[in-house]
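structure for this input, please:
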Amino acid sequence: MNHRSLKAITIAVLSVAGVGLVWSQNARSQINAAPSWVPLGVSSSGDTSTAWFHEPSSRQVLACQTVPAPGSGAGGIHCIAAKLP
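Numbers count the residues shown, from 1 in each chain. Predicted coordinates for the structure are as follows:
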């Protein structure tokens with residue numbers, strides 16, 4: 001193989017590798033992993049509050065309730081998720 005064809009092959013290989021590198025860096029996932037919770041309602045009784053949410057695409061419901069801490073008001077939030085039939 002002569003020097004000229006070896007140089008042409010080397011340039012071609014490096015060019016293809018460069019294009020592949022550029023394309024691989026631009027690849028991005030098309031999945032939207034962020035849930036879209038729709039608020040359904042809220043209620044309150046004493047020092048406890050509850051909020052309900054629904055995600056239509058996954059048919060899940062979520063209920064979050066404040067958990068009172070003794071003597072100091074709200075101590076945290078406790079959430080439970082379930083899938084609708």
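
how many residues are close by Lys83?
Residues lying near Lys83 (other CB atoms under 10 Å) number 9. Backbone N, C-alpha and C define where each C-beta goes, glycine included.

over to Ala69?
Ala69 has 11 neighbours, counted by other CB under 10 Å.

doesn't Gly75 make contact with it?
Yes: between Ala69 and Gly75 there is a contact under CB atoms under 8 Å: 2.8 Å.

how about the strands in this structure?
For the chain, the strands defined by DSSP state E cover 38-45, 48-55, 60-69, 73-83.

format those as JSON lines; extra columns: mean pLDDT and distance to Leu14.
Formatted as JSON lines, the strands of the chain follow (pLDDT from 0 to 100; distance: least, CB to CB, whole Å):
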{"stretch": "strand 38-45", "mean pLDDT": "92", "distance to Leu14": "52"}
{"stretch": "strand 48-55", "mean pLDDT": "92", "distance to Leu14": "49"}
{"stretch": "strand 60-69", "mean pLDDT": "90", "distance to Leu14": "50"}
{"stretch": "strand 73-83", "mean pLDDT": "85", "distance to Leu14": "52"}
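
out of the ones you listed, the one nearest Ile11 is which?
Within the strands of the chain, the stretch nearest Ile11 is strand 48-55; the backing value is 53.0 Å (CB to CB).
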